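Asks: Give me a model of this one.
(chains A and B)
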Amino acid sequence: MNKNLKEQVLRASGVNVLKCMRCGKCSGTCPSYDEMEYHPHQFVYMVERGDIETLMNSKSIYKCLTCFACVDRCPRNVEPAKVVEAVRLAAVRQQGNNHMNPNQIPEMLDDDLPQQAIVTAFRKYIK
Amino acid sequence: METFTYYPGCTLRTKAKDLDTYARFSAEALGISLEEPADWQCCGGAYTTAKDEIATKLSAVRTLNSAKVSNRPLITVCSACHNVIKQTNYDILHDEEVASKVNNYLKLDEPYNGETTVYHYLEMLRDVVGFDNLAQKVVNPFKGKKIAAYYGCLLLRPSKTLAMDDPENPSIMEDFIKAIGGTPVIYAQRNECCGGYITLEDKDQAAKRSGAVMSSAADQGADMIITACPLCLYNLKKNSGSELPVYYFTELLAEALGVKEESNE
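Replies: Numbering: from 1, shown residues only, chains lettered A, B, ... in the order given. Got it, this is the predicted structure:
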């Protein structure tokens, strides 16, 4: 367990993981559930356990759509998306660990793709 | 004529010009003047919930502050811009550390402390114009048209912060549809995500999400679906595999008010 990383994730997210009662509603309502290796409720208890590096190395951190469904629907106001965001930031803030490269953008474009999509991806994937 | 500060955002200047143009012409027809702040910047597209992210929140604060300086409420129309700006404003109001770091960085003439009121264009229609007044100005009603409102995520959530409507049983877009003479269609997926920016790296997931939204609306007999978000429009049109027509709500508004033709000139 990496205590420093756990502290960093707890501080950046502002989430109290101990409030979670393991009901799983966050994962039940997550639009990316099928695409994730670790699901929102697992993020919460793995952070509680200090198992942050496993999450940082999982593609699951790039599957959150920031739709805030788990934030709004959690009966205990744990707000799991904030934990996912903090873990993803801990990963992409590492030197050389950006999830997207601006050189990849031209091949992703089509005539209708809104700029908003690219800007958002940059905010999420690159530091 | 009432004047508001109006923030279009990057996409409304490029791929979503329709959303912007119809919003402007319709506002004018409703006796509302929208004034753009000088030198506005992109909102960033996504709000980061991380407490230690400051730089990524600054452009939204600049927009909020320009509305404050002109002493007017701020109107947004893109769901994503609205979400980012509203959440940032909430941060400044409720998190002293964020407020002090932001102000320390920006060094504005006077610190920004969350003074600006932010309305989404739909809220302006409901709370400033009033749907009853809007209904009276409609010249081309959407009579007999079954219209499905697509809220997606960003207009409603987090509901504590956005505070636009009931996040699970919203009515603002349905009331808008009634005001322009249409019949709202209620369907299960109206406040679930379209896939958003995942379209950049996972077309399958975007297809799955947007397909679920479209078939949910079609199953309830919708003739068309409306949205306030350029990225939702893109996913629903390009990734869903459905033929159900998708429009910006402002296009229907302009048509109902009889200003669609002049908007296109």
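Asks: Pass me the low-pLDDT residue ranges in chain A, would you?
Replies: For chain A, the stretches with pLDDT under 70 are A:1.
Asks: could you list every residue that touches the residue positioned nearest the centre of chain A?
Replies: Residue closest to the average C-alpha location in chain A (C-alpha atoms, centre = their mean): residue A:84, at 2.7 Å. Residue A:84 is in contact with A:40, A:43, A:60, A:61, A:64, counting by C-beta atoms under 8 Å, 6 or more residues apart in numbering or on different chains. Quick note: C-beta positions are derived from backbone N, CA and C, even for glycine.
Asks: Same question for residue A:80.
Replies: A:15, A:26, A:40, A:41, A:43, A:44, A:70, A:71, A:74.
Asks: Could you tell me which ones among those residues also sit near chain B?
Replies: Applying C-beta under 8 Å from any C-beta of the partner chain, the subset of the contacts of residue A:80 adjacent to chain B comprises residue A:71.
Asks: between the contacts of residue A:80, which has the most around it?
Replies: residue A:43 (33 neighbours; other C-beta atoms under 10 Å in any protein chain shown).
Asks: For that residue, which non-adjacent residue is spatially closest?
Replies: Spatial nearest neighbour of residue A:43, excluding adjacent residues (C-beta to C-beta, 6 or more residues apart in numbering or on different chains): residue A:83 at 5.0 Å.
Asks: got it, and residue B:115?
Replies: residue B:68 (4.8 Å).
Asks: which ones are touching that neighbour?
Replies: B:112, B:115, B:116.
Asks: Are we agreed that it is in a helix?
Replies: Yes - with DSSP: H, G, I helix; E, B strand; the rest coil as the criterion, residue B:68 is located in a helix.
Asks: Can you name the residues that contact the residue nearest to residue A:43?
Replies: Contacts were defined as C-beta under 8 Å, 6+ apart; by that measure residue A:83 touches A:9, A:13, A:15, A:17, A:40, A:43, A:44, A:47.
Asks: again, 7 Å this time
Replies: Residue A:83 makes contacts with A:9, A:13, A:15, A:43, A:44, A:47, as judged by C-beta atoms under 7 Å, 6 or more residues apart in numbering or on different chains.
Asks: Count the residues that sit near residue A:121.
Replies: Other residues close to residue A:121 by other C-beta under 10 Å number 24.
Asks: Pull the contacting residues for it.
Replies: Residue A:121 neighbours (C-beta under 7 Å, 6+ apart): A:100, B:197, B:200.
Asks: list the contacts for the closest residue to chain A within the stretch 1-150 of chain B?
Replies: Of all residues in the stretch 1-150 of chain B, residue B:45 sits closest to chain A, at 3.6 Å by C-beta to the nearest C-beta. By C-beta under 7 Å, 6+ apart, the contact set of residue B:45 is A:116, A:119, A:120, A:123, B:80.
Asks: Would you mind giving the contacts of residue A:84 as a markdown table with secondary structure added?
Replies: Output for the contacts of residue A:84, formatted as a markdown table (three-state DSSP):
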| residue | secondary structure |
| --- | --- |
| A:40 | helix |
| A:43 | helix |
| A:60 | helix |
| A:61 | helix |
| A:64 | coil |
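Asks: low pLDDT regions in chain B?
Replies: In chain B, no residues with pLDDT under 70.
Asks: Just the strands from it, written as ranges.
Replies: Secondary structure of chain B (DSSP state E): strands located at B:2-7, B:32-35, B:74-76, B:118-120, B:146-149, B:183-185, B:224-227, B:246-248.
Asks: residue furthest from the geometric center of chain A?
Replies: Largest separation from the mean C-alpha position in chain A: residue A:111, at 29.3 Å (C-alpha atoms, centre = their mean).
Asks: I'd guess that one is in a helix, am I close?
Replies: No - counting by three-state DSSP, residue A:111 falls outside a helix, being coil.
Asks: Any figure for the gap between it and residue B:157?
Replies: Using C-beta to C-beta, to the nearest Å, we find residue A:111 at a distance of 30 Å from residue B:157.
Asks: where do the helices sit along chain A?
Replies: Taking DSSP state H as the criterion, chain A carries its helices at A:3-13, A:25-29, A:40-49, A:52-56, A:69-73, A:80-92, A:105-108, A:115-125.
Asks: Pull the residues that contact the shortest one.
Replies: Think helix A:105-108. A:118, B:200.
Asks: And it, how far out from the chain middle?
Replies: 24 Å (C-alpha atoms, centre = their mean, to the nearest Å).
Asks: Only the C-alpha atoms, please, for that helix, written as PDB.
Replies: C-alpha atoms of helix A:105-108 as PDB (Å, rounded to 0.1, in the frame of the first residue of the first chain):
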ATOM      1  CA  ILE A 105      -5.900  14.300 -33.200                       C
ATOM      2  CA  PRO A 106      -5.900  14.800 -37.000                       C
ATOM      3  CA  GLU A 107      -6.800  11.200 -37.700                       C
ATOM      4  CA  MET A 108      -9.600  11.300 -35.200                       C
END
